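1. The following comprises the amino acid sequence and a computationally predicted model.
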There are 2 protein chains.
Amino acid sequence: MSDRASEASLPPVVQAIRANRRELARLLTRIENNEAAAELAALYPYTGQAHVVGVTGAPGTGKSSLVNALARHYRTEGHTVGVIAVDPTSPFTGGAILGDRIRMRDLSGDPGVFIRSMATRGSLGGLASRTGDLVRALDAAGFDIIMVETVGAGQSEVDIARAAQTTVVVEAPGLGDDVQAIKAGILEVADILVVNKADRPGVESTVRALRAMLDLGHRSERMLHHNRLVKQTAALPDENRSWQPPILQTIAPDGSGIPELATTLTAHRAYLNDSGTLGVREHVRVEIEIVDRLRETLVARLLAQTDPAVLADLIERVTARSLDPASAATQLLSRFDERYGIE
Amino acid sequence: MSDRASEASLPPVVQAIRANRRELARLLTRIENNEAAAELAALYPYTGQAHVVGVTGAPGTGKSSLVNALARHYRTEGHTVGVIAVDPTSPFTGGAILGDRIRMRDLSGDPGVFIRSMATRGSLGGLASRTGDLVRALDAAGFDIIMVETVGAGQSEVDIARAAQTTVVVEAPGLGDDVQAIKAGILEVADILVVNKADRPGVESTVRALRAMLDLGHRSERMLHHNRLVKQTAALPDENRSWQPPILQTIAPDGSGIPELATTLTAHRAYLNDSGTLGVREHVRVEIEIVDRLRETLVARLLAQTDPAVLADLIERVTARSLDPASAATQLLSRFDERYGIE
């Protein structure tokens, strides 16, 4: 997975995770527990090599089977594959109830595949940045393709999708009204649309509906989004000039359409490189990440310097409705500012 | 909806939203656009009266129909009802593709019901706090019951659920493996479990699976969660002492089980009051909200004081992988600290 001659000059953490899957697993656990700042800084220069693919979609679309089928395909082509599955399951169930995880076991004897389930519970925010750190660890460990699978369509899924270079949105025929709603929300982040379970009735109407929604809103929405995100960075190329999200059909269990999907993923990566879009997305991603980190650090520091009795008193007054929450926050901030002469 | 004799002493914003639905709708729009800080402060003392009910669950469970049926039921009992539907649809579609929204129109001629769809797109975080502000506006406007309907099971849904006093998690038979995963993630926030579409095959096994999952993890998880959240507040009563989440069965379109669900919701409200749990949750909610507001204010201020060229340079170096994101954040913070002598 890496050139042996240069191994000796690598930082110890990079050597360890490239040589030993158990070391990699341990590092991922420390990252999830927010205990790996030094390792993440050390491995960061060795990231940026993998193709990071986000796979997202509503429940019932067969995302996990699709990820599984793609991983198998990449293995036959000699590529190594890392998978991070962001599960809304509790830590105590450990994702064990997931039928799809079980189905993935047919890959788990292969050292060229590494699968990690990430619990989303117990975290108040910060999910996207921790997912990004897990991706970096797999990237530095030398995996060629890293797939991040997310369930659902909330803001956190959009944030996670943004960490990917290529985002695949998975649909399936006949999932009803609610799913229509979800599609609109995640179409904006889609680079490739996949209608999975394409042997089911209604596949043509699903494709037609997706096509109509793409024509309606994708381009304008995406540009809006893009412009808002990059407003603080320098002038950057128009990332939406030439990639039109294609709509592919797959049947994950028998592999139909999987080679075409892999080819399209490769084509998108080439487009990202050639058009300069990869750099744009990287800029945006880095800016968001720096700001996210500042946000957490700043509030933690202010709270550490706040007398717990003062905070408790403010909470009491807001609970009693003699003070509103925004004014309470302003009072805490004023105390900090007075102390340091911040005007 | 309020005592006419005391109307004259109310702040203008409260008078306006109680008297005029169009004023209420305008205020909600300003809240969504973050332009109503003064109004929110003025109406805050008049909140805390409504029963706020979160309704969440996976796509395909029929949440919207259930909310609709509950709203109709409450109207026959003479209660006024506000509904906030948190949709993952884009602003430009405005939720118009939602079949469920259309079905709700049979309520929309009734001035005792107010329905609002909230777009989740275009927001980078802050969704939970804005939803909380919308709830407060409906609360101050005098609605007896406010239902917040969320699609999906991401972190944002959990955050939104936390804003509710009573959280209903909706399930349905026969939705497959993925849905099993979602259930584990949101069971933790469930006060009441509803198996909707109870006329479908498999309802008994769905109820059995929910029962097993509740027995397995609900209590321990919830206490863990609770303990983490209240660690900075004073000693508070054990909120999990006596409420066991019941599992109800409903068929929303024909109203089966809806009166029983309404009765259970009332019972949960009474439990919250009698056990002191309402106060615990309010404390936790207020603390989270104050910290969220501080977090946003602090980072916005630091960025406003940062030279854009300095930020652009740091982004450039992180993109080139000569600096890692955490170190970039630390450098920005150090500049701020040096300026104000913060050690």
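-> Okay, I see it. Residues are numbered from 1 along each chain as shown, chains lettered A, B, ... in the order given.

2. Show me where chain A has its helices.
-> Counting by DSSP state H, one finds helices in chain A at the ranges A:12-19, A:21-32, A:37-43, A:63-76, A:99-103, A:127-140, A:155-163, A:177-187, A:203-213, A:219-229, A:258-275, A:277-304, A:308-319, A:325-340.

3. Can I get those helices in a markdown table including distance to A:Gly82, mean neighbour count and mean pLDDT?
-> To be clear about C-beta, it is placed using only N, CA and C from the backbone, and glycine gets the same treatment. Written out in a markdown table, the entries for those read as follows (distance: least, C-beta to C-beta, whole Å; neighbours: other C-beta atoms under 10 Å in any protein chain shown; pLDDT from 0 to 100):
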| stretch | distance to A:Gly82 | mean neighbour count | mean pLDDT |
| --- | --- | --- | --- |
| helix A:12-19 | 11 | 18 | 96 |
| helix A:21-32 | 9 | 17 | 93 |
| helix A:37-43 | 14 | 18 | 94 |
| helix A:63-76 | 9 | 22 | 93 |
| helix A:99-103 | 15 | 17 | 43 |
| helix A:127-140 | 4 | 24 | 87 |
| helix A:155-163 | 14 | 25 | 64 |
| helix A:177-187 | 22 | 24 | 53 |
| helix A:203-213 | 28 | 16 | 85 |
| helix A:219-229 | 26 | 15 | 44 |
| helix A:258-275 | 15 | 16 | 96 |
| helix A:277-304 | 18 | 19 | 87 |
| helix A:308-319 | 42 | 16 | 94 |
| helix A:325-340 | 40 | 16 | 89 |
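
4. Quick one: these as TSV, columns for distance to chain B too.
-> Listed next are the helices of chain A as TSV, based on distance: least, C-beta to the nearest C-beta, whole Å:
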stretch	distance to chain B
helix A:12-19	13
helix A:21-32	12
helix A:37-43	5
helix A:63-76	8
helix A:99-103	4
helix A:127-140	6
helix A:155-163	5
helix A:177-187	3
helix A:203-213	8
helix A:219-229	6
helix A:258-275	14
helix A:277-304	4
helix A:308-319	5
helix A:325-340	4
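
5. Report the contact partners of the closest residue in space to A:Gly257 that isn't next to it in sequence.
-> With C-beta to C-beta, 6 or more residues apart in numbering or on different chains as the measure, A:Thr250 is the residue that lies nearest to A:Gly257, at 3.6 Å, once sequence neighbours are left out. Shown in contact with A:Thr250 (C-beta atoms under 8 Å, 6 or more residues apart in numbering or on different chains): A:Leu66, A:Ala69, A:Val194, A:Val195, A:Asn196, A:Ala198, A:Ser256, A:Gly257, A:Ile258, A:Leu261.

6. okay, now the third one: neighbour count?
-> A:Val194: 30 surrounding residues under other C-beta atoms under 10 Å in any protein chain shown.

7. pLDDT score assigned to it?
-> You'll see A:Val194 listed with a pLDDT of 95.

8. same check, this time on A:Phe92
-> As summarised for this prediction, A:Phe92 has a pLDDT of 32.

9. ok, for A:Gly132, nearest residue in space, not its chain neighbours?
-> With C-beta to C-beta, 6+ apart as the measure, A:Ala163 is the residue that lies nearest to A:Gly132, at 4.6 Å, once sequence neighbours are left out.

10. residue contacts, the one you found?
-> A:Val52, A:Gly54, A:Ala128, A:Thr131, A:Gly132, A:Val135, A:Val148, A:Arg285.

11. cool, A:Asp191 as well?
-> Neighbour list for A:Asp191: A:Thr166, A:Thr167, A:Val168, A:Trp243, A:Pro245, A:His268 [criterion: C-beta under 8 Å, 6+ apart].

12. Specify which member of those is nearest to B:Ala37.
-> When these are compared for distance to B:Ala37 (C-beta to C-beta), A:Thr167 wins out at 35.2 Å.

13. thought that closest one was touching A:Leu193?
-> No: between A:Thr167 and A:Leu193 there is no contact, the gap being 9.9 Å when judged by C-beta atoms under 8 Å.

14. need the helices of chain A in CSV with distance to B:Thr319, can you?
-> As requested, these are exported to CSV (distance: least, C-beta to C-beta, whole Å):
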stretch, distance to B:Thr319
helix A:12-19, 20
helix A:21-32, 21
helix A:37-43, 16
helix A:63-76, 27
helix A:99-103, 34
helix A:127-140, 14
helix A:155-163, 14
helix A:177-187, 26
helix A:203-213, 33
helix A:219-229, 14
helix A:258-275, 14
helix A:277-304, 5
helix A:308-319, 38
helix A:325-340, 32
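
15. Relative to B:Glu296, which of the ones you listed is closest?
-> Shortest separation from B:Glu296 across the helices of chain A is recorded for helix A:277-304, at 7.5 Å, computed as C-beta to C-beta.

16. For that closest one, name the packing helices and strands.
-> Counting contacts by 3 or more C-beta pairs under 8 Å, 6 or more residues apart in numbering or on different chains; DSSP states H and E, the secondary-structure elements packed against helix A:277-304 are helix A:127-140, helix A:155-163, helix A:219-229, helix A:258-275, helix A:325-340, helix B:277-304, helix B:308-319, helix B:325-340.

17. Could you export those helices to TSV, including columns for distance to A:Thr76?
-> Compiled in TSV, those are given as follows (distance: least, C-beta to C-beta, whole Å):
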stretch	distance to A:Thr76
helix A:127-140	20
helix A:155-163	27
helix A:219-229	34
helix A:258-275	9
helix A:325-340	55
helix B:277-304	46
helix B:308-319	34
helix B:325-340	35
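
18. quick one: contacts for the nearest residue to A:His79 once chain neighbours are set aside?
-> Leaving aside its sequence neighbours, A:His79 sits nearest to A:Asp144 (C-beta to C-beta, 6+ apart; 4.2 Å). By C-beta under 8 Å, 6+ apart, A:Asp144 lies in contact with A:Gln49, A:Ala50, A:His51, A:Tyr74, A:His79, A:Thr80, A:Val81.

19. A:Val55 now?
-> A:Val55 makes contact with A:Lys63, A:Leu66, A:Val67, A:Met147, A:Val148, A:Glu149, A:Thr150, A:Thr167, A:Val168, A:Val170, according to C-beta under 8 Å, 6+ apart.

20. mind listing which of those are in strands?
-> Among these, the ones falling in strands (DSSP state E) are A:Met147, A:Val148, A:Glu149, A:Thr150, A:Thr167, A:Val168, A:Val170.

21. one step back: among the contacts of A:Asp191, who's most crowded?
-> A:Val168 (29 neighbours).

22. Surely that one touches A:His51?
-> No: counting by C-beta under 8 Å, A:His51 is not a contact partner of A:Val168; they are 11.9 Å apart.
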